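Enquirer: after the sequence you'll find the predicted model.
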Amino acid sequence: MRGISRIKIIVIIWMGLIFSTCTNNYNIKIAFLADVHLQDIYGELSDTEYNGVLNPKTGKYCNIRTMNAQLHSTRIFNENYFAFLAALDDIAERKIEYVVLPGDFSDDGQPINVRGLKRILDDYNQKYGIQFLATTGNHDPVRPFTIKAGKKDFLGKGGKAQVIMSETGMYEVKNKDENPVVISSDIRKMGYKEIIGQLSDFGFYPKKSDLYWETPFSKYDIDNYKFELALHESSLEKREYQVPPYQVSIPDVSYLVEPIKDIWFLAIDANVYIPKKSVNSDPMNPNNYNGRTHGFDNVITHKTHLINWVKKITKEAEKRNKTLITFSHYPMIDFYDDASSHIKNVLGEGKMQLHRVPEENVAKIFADAGLKIHFGGHMHINDTGIRKTVKGNTLINIQTPSLAAYIPAYKLLTVKNRNQMEVETIVIDSVPGFNKLFPLYEKEYEYLKSIGTKNIWNKNILTANSYLEFTNEHLKEVVRLRFLKKDWPEDIKNFILKASGLDLLKFAHGELLLAKYGLTKKDFEDWTGGDLIFDFYRLRSADSLAFKDIGKNRIRQYQCIIESILNMEYTKNMNAELSLDFKEFAQIFHYFMNGAPADHFHIDLEKGILTSL
């Protein structure tokens, strides 16, 4: 009898462990796809007969932007449509059930693109059972209320640009050679009410299947939760805050949802719309508000209700043994591997999007509010940041890359248990159909050439054999056509661009370190300062994921120059200002190559430790 009792006890304990593991949903996998920027290239404008431009390769009409526009932008407008589908196919193949979209899921919140997004998400939900959770970004919505808008750089007949506006009178024709202007309300930029109304199924409103759902304004809690009550309090009219001086009510679509037992998703709407100081007129006019790109810096001054709500949520999660996964569109921690001060020193105030780097106080406030892990987007870069406060609280911020830029990837989170998690960065290299639009770009190129356009974009991008290669070429052109013109002071830019690798080695007196790195002078002869700057931006965008594209040998060469210049003592006969600028540049490069793990790593939330895998 005693033996039987022991066996029963062992079986009961064993079954209890299995039940505990199942109910806590350990090893659940969650994909994060930030900054999708979906432009529905096959979407139809519902109020015009204009179908777009006919693609001779596919026989389909499509509404796409010019290659010229793409190569002057930090994001791709067209090919990311195919990349999004490829990423969702990859997610479906991995049998991942939850996908988070941390903002900028649309091009600019236009009806045609939001409809397209909904159609795609509904399709993958029905076919594979994938549940999607989203939050808003600065491109959706662009303003709190719907605003008339349009684009002047769609690709039209004959390789020419095509203007599409939401209302007449918004564009004045410049010359008789232009394609006729197309008018469609489907190109307007929608506000909260319209966007959230269309995407209601993706976390913004409660579902009957949810175990729990609330907003910062909810008057109930988990103990008295009922779906009907949550649905009643989910209307936008009950989810508003006031911004001075207008005291107009603006929606805040933050929410907390428990779609599966013991896993809480906290979606923070960090968009803040501040009235322009020079405007004291109609508070309902969307043009009377500034944009949202400062993110959490403005949250801590204009959305203090969110901080109090986060404190409440983290306490409840701890009390009820819930795993809390937080996401928003904007970063909470410096995404430049703490190199921001050096970037400011060499490039200047506000360059390289420094205005988007959150203040240090942001991480402190949210870490001490109880947040431990946060997934952000906005920057189209791959990065991991970590901060520990004086009180001993640790916050880990994971920047999710964009599928519309180098390096195209998504983050895959595996929740081992409440404190142990694994993060993988899944690069989307193989994208079926990414080159389908190339014949149209050929026509565009020929047209630009025929009218004598100066500095036409480089056709090498049309020889790309993979989507990863395509995004690499895109970044190369953006560096040439945009970053070098806008971000760089002439002296340091000209010095680096005119130098060979060997010149830079000699300038840094790096010959003394050649043996340490197993190099010779000959290794530095096959690249230029232009290559150095391009790789600088590849590291800025992809972090350690760029190492493979740059190559181990080239990385060693850069390390040799960097170490030498950082340790170099300056002499009177040197150009002191130029030397100091290059030293600052080398310091940034060093930080970019030695940041926190950003590819595949393990997180111990209890100890606040990251470990590369």
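Expert: Structure received.

Enquirer: check which residues of stretch 556-564 are buried.
Expert: 557-564 (16 or more other C-beta atoms under 10 Å). Heads up, the C-betas are built off the backbone N, CA and C, glycines and all.

Enquirer: from the residues you listed, pick the one nearest residue 150.
Expert: Taking C-beta to C-beta as the measure, residue 150 lies nearest residue 558 of the buried residues of stretch 556-564, at 43.9 Å.

Enquirer: next, count neighbours for the residue lying closest to the closest one once chain neighbours are set aside.
Expert: Sequence neighbours aside, residue 589 is the residue nearest to residue 558 in space, at 6.6 Å (criterion: C-beta to C-beta, 6 or more residues apart in numbering). Using other C-beta atoms under 10 Å, residue 589 has 23 neighbouring residues.

Enquirer: contacting residues around residue 589?
Expert: 536, 539, 558, 562 (C-beta atoms under 8 Å, 6 or more residues apart in numbering).

Enquirer: show the pLDDT at the second one.
Expert: If I follow you right, that is residue 539. Residue 539 is assigned a pLDDT of 98 by the prediction.

Enquirer: part of a helix, is it?
Expert: Yes - assigned with DSSP: H, G, I helix; E, B strand; the rest coil, residue 539 falls within a helix.

Enquirer: wait, what's in contact with it?
Expert: Neighbouring residues of residue 539 by C-beta under 8 Å, 6+ apart: 546, 550, 589, 592-593.

Enquirer: in helices, which of the residues you listed appear?
Expert: Cross-referencing the contacts of residue 539 against helices under DSSP state H gives 550, 589, 592-593.

Enquirer: just to revisit the earlier point, per-residue pLDDT of the residue nearest to residue 558, please?
Expert: You'll see residue 589 listed with a pLDDT of 97.

Enquirer: and it, how far is that from residue 468?
Expert: Noted for residue 589: a distance of 23 Å to residue 468, by C-beta to C-beta, to the nearest Å.

Enquirer: next one: residue 234
Expert: Here residue 234 is placed at a distance of 41 Å from residue 468 (C-beta to C-beta).

Enquirer: got TSV for the buried residues of stretch 556-564, with secondary structure and pLDDT too?
Expert: Output for the buried residues of stretch 556-564, formatted as TSV (DSSP: H, G, I helix; E, B strand; the rest coil; pLDDT from 0 to 100):
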residue	secondary structure	pLDDT
557	helix	98
558	helix	98
559	helix	97
560	helix	97
561	helix	96
562	helix	96
563	helix	95
564	helix	94
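
Enquirer: tell me the centre residue of this protein?
Expert: residue 377 (3.1 Å; C-alpha atoms, centre = their mean).

Enquirer: can you get me a residue count around the residue nearest to it when sequence neighbours are not counted?
Expert: Spatial nearest neighbour of residue 377, excluding adjacent residues (C-beta to C-beta, 6+ apart): residue 34 at 2.8 Å. When neighbours are counted by other C-beta under 10 Å, residue 34 registers 31.

Enquirer: next one: residue 354
Expert: 17.

Enquirer: for it, give its distance to residue 137.
Expert: In terms of C-beta to C-beta, residue 354 sits 19 Å off from residue 137.

Enquirer: what sits against the spatially closest residue to residue 33 that is not a sequence neighbour?
Expert: Excluding the flanking residues, the one nearest residue 33 by C-beta to C-beta, 6+ apart is residue 410, at 4.8 Å. Residues in contact with residue 410 (C-beta under 8 Å, 6+ apart) are 31-34, 87, 91, 400-401, 403, 425-426, 428.

Enquirer: what pairs with residue 410 across the strands?
Expert: Taking DSSP bridges as the rule, residue 410 bridges to residue 426.

Enquirer: gap between it and residue 401?
Expert: Here the criterion is C-beta to C-beta. By it, residue 410 lies 7 Å from residue 401.

Enquirer: shared neighbours of these two, which are they?
Expert: Common neighbours of residue 410 and residue 401 (C-beta under 8 Å, 6+ apart) are 34, 425.

Enquirer: mind checking pLDDT for the residue nearest to residue 377?
Expert: For residue 34, the predicted pLDDT is 98.

Enquirer: now swap in residue 243 and tell me
Expert: The pLDDT attached to residue 243 in the predicted structure is 81.

Enquirer: surely it touches residue 273?
Expert: Yes - using C-beta atoms under 8 Å, residue 243 is in contact with residue 273, at 6.7 Å.

Enquirer: residues shared between the contacts of these two?
Expert: Common neighbours of residue 243 and residue 273 (criterion: C-beta under 8 Å, 6+ apart): residue 250.

Enquirer: in terms of neighbours, single out the busier of those two.
Expert: A direct count of neighbours by other C-beta under 10 Å for residue 243 and residue 273 places residue 273 higher, at 23 against 19.

Enquirer: against residue 302, how distant is that one?
Expert: For residue 273 relative to residue 302 (C-beta to C-beta), the value is 9 Å.

Enquirer: what of residue 564?
Expert: On the measure of C-beta to C-beta, residue 564 and residue 302 end up 47 Å apart.

Enquirer: ramachandran angles for residue 357?
Expert: phi -70, psi 120 (degrees, to the nearest 10).

Enquirer: if you could redo that for residue 191, that was the one I meant.
Expert: Dihedral angles for residue 191 - degrees, to the nearest 10 - are phi -90, psi -170.

Enquirer: repeat that for the one 4 residues further on.
Expert: When read as degrees, to the nearest 10, the backbone of residue 195 gives phi -70, psi -50.

Enquirer: list the contacts for it?
Expert: Residue 195 makes contact with 106, 109, 114, 136, 140-141, according to C-beta under 8 Å, 6+ apart.

Enquirer: also residue 31?
Expert: Counting by C-beta under 8 Å, 6+ apart, residue 31 makes contact with 91, 96, 98-100, 410-413, 426.

Enquirer: relative to residue 447, which of these is nearest.
Expert: residue 410 (35.7 Å).

Enquirer: so how far is residue 609 from residue 461?
Expert: Counting by C-beta to C-beta, the gap from residue 461 to residue 609 is 41 Å.

Enquirer: neighbour-wise, which of the two wins?
Expert: Ranked by neighbour count (other C-beta under 10 Å), residue 461 and residue 609 place residue 461 first, with 20 against 12.

Enquirer: the more buried one looks like it's in a helix, true?
Expert: Yes - assessed by three-state DSSP, residue 461 belongs to a helix.

Enquirer: find the nearest non-adjacent residue to it, please.
Expert: Excluding the flanking residues, the one nearest residue 461 by C-beta to C-beta, 6+ apart is residue 473, at 4.1 Å.

Enquirer: check the secondary structure at that neighbour for me.
Expert: Recorded secondary structure, residue 473: helix (three-state DSSP).

Enquirer: tell me which residues touch it, please.
Expert: Remark: with contacts taken as C-beta under 8 Å, 6+ apart, residue 473 is in contact with 458, 460-461, 464.

Enquirer: can we see that at 7 Å?
Expert: Residue 473 is in contact with 460-461, 464, counting by C-beta atoms under 7 Å, 6 or more residues apart in numbering.

Enquirer: closest to residue 486 out of those residues?
Expert: Using C-beta to C-beta, these come closest to residue 486 at residue 461, 20.5 Å.

Enquirer: for residue 93, see how far away that closest one is.
Expert: Here the criterion is C-beta to C-beta. By it, residue 461 lies 29 Å from residue 93.

Enquirer: do the same with residue 367
Expert: Relative to residue 93, residue 367 is positioned 36 Å away (C-beta to C-beta).

Enquirer: in terms of neighbours, single out the busier of the two.
Expert: Using other C-beta under 10 Å, the more surrounded residue of residue 367 and residue 93 is residue 367, with 25 against 9.

Enquirer: skipping adjacent residues, who's closest to the more buried one in space?
Expert: In space, residue 367 is closest to residue 395, 3.7 Å off (C-beta to C-beta, 6+ apart).

Enquirer: now the helix or strand harbouring the one you found, how far from the centre of its chain.
Expert: Remark: residue 395 resides in strand 394-399, with elements defined by DSSP states H and E. Put simply, strand 394-399 sits 14 Å off its chain's centre (C-alpha atoms, centre = their mean, to the nearest Å).
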